[in-house]
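In: Sequence and predicted model, in that order:
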There are 2 protein chains.
Amino acid sequence: MRRRLTQRGKERRRQLVDHAAVLFAERGYHPTSVADIVESLGVGKGVFYWYFSSKEELLAEILKSSHQELRRRQQQAIADEPNPVVRIELGIRASMQWFFEHRRYFTIFQFAASDERFAPVLRRNQEVAIADAVHHIKDGIVEGLVADQDPEVLAQAVVGVVEQLTQTYIFERNEPVDQAADAAVSFCLSGLTGT
Amino acid sequence: MRRRLTQRGKERRRQLVDHAAVLFAERGYHPTSVADIVESLGVGKGVFYWYFSSKEELLAEILKSSHQELRRRQQQAIADEPNPVVRIELGIRASMQWFFEHRRYFTIFQFAASDERFAPVLRRNQEVAIADAVHHIKDGIVEGLVADQDPEVLAQAVVGVVEQLTQTYIFERNEPVDQAADAAVSFCLSGLTGT
DNA sequence: GAACTTCTTGACCACACGGTCAAGCGCTCG
DNA sequence: CGAGCGCTTGACCGTGTGGTCAAGAAGTTC
């Protein structure tokens, strides 16, 4: 199913990915049929199967590309900030900012996590994010800025706070990012430094 | 669709709920057909539709009853503990204990959250849990045990930590509850009391 | 403009799904 | 015993799905 694609072809593929992401987010993966996707794009069904071998492959690509985007954003935000605790703060803010701009992915991630075909992909993505955070937390412990506890557990806790606050305040209630981010940062930094 | 059920009937209904919960958790809601459920139970399809008007109603019942169970457990654990911070700690431990014993519900909750027909139910359930936590946090603030910040945000953060640690250490890695619970409690209490 | 590749069409297929129903089983109670 | 009701059966139905494919349009290359 590897195909040579012209410039035009690559754009079509991207168009399908973007459009499907919107529909999946609105109605869910299963209830959105391939027919729905191509119809609302005004093209024939064959177009879809020219670019993707299955509906499953499409979702996998959505998952993969969105994760890459998010990760790039985090790393740009952190850049070469020397203080590991500030790096974590900047990472939190960048993640929430990205989710704010790409709200639609939240529902898709949630579905993917519940499906045994996609859960492994998502799990691996999250492991990468956790590993990043662990790295900064270890630095923080060495410098005496973070409580000396299992760094992985601390990283998991931070991710949990970020996800929950993002879901409630950004995804469900549509509140401004900064407010939610401030709250997440404040709680997490207290949790990291320990009482 | 309200029916009179004998004792035997009530047991059948419970049997269907329990069995479906296992299958939904293993394979997911959509990929598990009504035929699968009744087949693996060795009964005809009519049995299912005698007790439930639709597959949707079944999931709604699973969601509802499991939430009730979890909530009862939390309240039993808290009982009449006078210290609000300790109440929160006990609530966290009770929740994680319950999830440990009912691992299967995790995947189901995740799917339900991603489906627009069930998300509202789940959201309401979570709101109840948050409201409980908010209550104790407010007490804690009054008594000067908890940092004076928006109690709802703190409650959300606590829930986020608990969910994430539960998912990773209990659901995915099958580690002992106490370890994960200790970590959650430690992080949350630091976050609540503030640095 | 012929030859060739990339892309598009939409009718079509096999199949699995949620849900129905006429028929019948078996327990209980008078 | 037999009437009545709770419960069970499983063939059946309509619908909608993911996916196929023969045919041809559009674009590119020599």
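Out: Perfect, thanks for sending it. Numbers count the residues shown, from 1 in each chain, chains lettered A, B, ... in the order given.

In: contacting residues around the worst-scoring helix or strand of chain A on mean pLDDT?
Out: Lowest on mean pLDDT, DSSP states H and E among the helices and strands of chain A sits helix A:7-27, with a mean of 90. The contact list for helix A:7-27, computed with CB atoms under 8 Å, 6 or more residues apart in numbering or on different chains, reads A:3, A:5, A:32, A:36-37, A:40-41, A:47-48, A:51-52, A:58-59, A:61-62, A:65-66, A:103-108, A:111, B:116. In this view, the C-beta of every residue, glycine as well, is placed from N, C-alpha and C.

In: From the residues you listed, keep the buried residues only.
Out: A:32, A:37, A:41, A:47-48, A:51-52, A:58-59, A:61-62, A:66, A:104-108, A:111 (16 or more other CB atoms under 10 Å in any protein chain shown).

In: still on that earlier bit, which members of the contacts of helix A:7-27 are positioned in helices?
Out: A:36-37, A:47-48, A:51, A:58-59, A:61-62, A:65-66, A:105-108, A:111 (DSSP state H).

In: quick one: which two of those residues are the most distant?
Out: Using CB to CB, the ones in helices among the contacts of helix A:7-27 reach their maximum pairwise distance at A:Val47 and A:Phe106, which is 27.8 Å.

In: Give me the neighbour count for the closest residue to DNA strand C within chain A.
Out: When scored by CB to the nearest atom of the strand, chain A has A:Gly46 as its residue closest to DNA strand C, at 1.5 Å. When neighbours are counted by other CB atoms under 10 Å in any protein chain shown, A:Gly46 registers 9.

In: what does chain A have sitting close to DNA strand C?
Out: A:3-6, A:8-9, A:12, A:42-47, A:49-50 (CB under 7 Å from any atom of the strand).

In: For the residue in chain A that DNA strand D sits nearest to, give me its contacts.
Out: Nearest residue of chain A to DNA strand D, counting by CB to the nearest atom of the strand: A:Ser33, 3.0 Å away. By CB under 8 Å, 6+ apart, the contact list for A:Ser33 is empty.

In: Now it: phi and psi?
Out: With angles defined as degrees, to the nearest 10, A:Ser33 sits at phi -90, psi 160.

In: Check the one 10 residues further on too.
Out: The phi/psi pair for A:Val43 (degrees, to the nearest 10) reads phi -130, psi 170.

In: Where does the prediction get shaky in chain A?
Out: A:1-4, A:195 (pLDDT under 70).

In: can you list the residues of it near DNA strand D?
Out: Taking CB under 7 Å from any atom of the strand as the criterion, chain A approaches DNA strand D at residues A:6, A:30, A:32-36, A:45-46, A:49, A:53-56.

In: nearest spatial neighbour of the most centrally placed residue in chain A, skipping sequence neighbours?
Out: The C-alpha lying nearest the average C-alpha coordinate of chain A belongs to A:His67 (CA atoms, centre = their mean; 4.9 Å). What sits nearest to A:His67 in space, not counting adjacent residues and going by CB to CB, 6 or more residues apart in numbering or on different chains, is A:Asn125, at 4.4 Å.

In: and that neighbour, how many neighbours does it have?
Out: Other residues close to A:Asn125 by other CB under 10 Å number 19.

In: quick one: which helix or strand includes it?
Out: Assessed by DSSP states H and E, A:Asn125 sits inside helix A:119-142.

In: which is the next helix or strand following that helix?
Out: Elements were assigned by DSSP H and E; along the chain past helix A:119-142, the next helix or strand is helix A:151-165.

In: Output that following helix in CSV with nothing but the alpha carbons.
Out: In CSV, the C-alpha atoms belonging to helix A:151-165 read as follows (Å, rounded to 0.1, in the frame of the first residue of the first chain):
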residue,chain,number,x,y,z
PRO,A,151,10.7,10.5,39.4
GLU,A,152,8.4,8.4,37.2
VAL,A,153,5.6,8.6,39.7
LEU,A,154,5.9,12.3,40.0
ALA,A,155,5.8,12.6,36.2
GLN,A,156,2.7,10.5,36.0
ALA,A,157,1.0,12.7,38.6
VAL,A,158,1.9,15.9,36.7
VAL,A,159,0.5,14.4,33.5
GLY,A,160,-2.7,13.4,35.4
VAL,A,161,-3.2,16.9,36.7
VAL,A,162,-2.6,18.5,33.2
GLU,A,163,-5.0,16.1,31.5
GLN,A,164,-7.8,16.5,34.0
LEU,A,165,-7.6,20.3,34.1
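
In: what angle separates it from helix B:151-165?
Out: 130 degrees (axes from the mean of the first three to the mean of the last three CA atoms, to 10 degrees).

In: In contact with the residue nearest to A:Gly194 when sequence neighbours are not counted: list those residues for me.
Out: Excluding the flanking residues, the one nearest A:Gly194 by CB to CB, 6+ apart is A:Ala147, at 3.2 Å. Shown in contact with A:Ala147 (CB under 8 Å, 6+ apart): A:141, A:154, A:192-194, B:190.

In: Secondary structure element holding the closest residue to A:Arg117 other than its chain neighbours?
Out: In space, and not counting its chain neighbours, A:Arg117 is closest to A:Glu56: 6.6 Å by CB to CB, 6+ apart. Following DSSP H and E, one finds A:Glu56 within helix A:55-78.

In: list the buried ones in that helix?
Out: A:55, A:58-63, A:66-67, A:70-71, A:73-74, A:77-78.

In: and if you look at stretch A:89-102?
Out: Using 16+ other CB under 10 Å as the test for burial, stretch A:89-102 gives A:89-100, A:102.

In: Throw these into a markdown table and include distance to chain B and secondary structure, thanks.
Out: Converted to a markdown table, those look like this (distance: CB to the nearest CB, whole Å; DSSP: H, G, I helix; E, B strand; the rest coil):
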| residue | distance to chain B | secondary structure |
| --- | --- | --- |
| A:Glu89 | 13 | helix |
| A:Leu90 | 19 | helix |
| A:Gly91 | 16 | helix |
| A:Ile92 | 12 | helix |
| A:Arg93 | 16 | helix |
| A:Ala94 | 18 | helix |
| A:Ser95 | 13 | helix |
| A:Met96 | 13 | helix |
| A:Gln97 | 18 | helix |
| A:Trp98 | 18 | helix |
| A:Phe99 | 14 | helix |
| A:Phe100 | 16 | helix |
| A:His102 | 16 | coil |
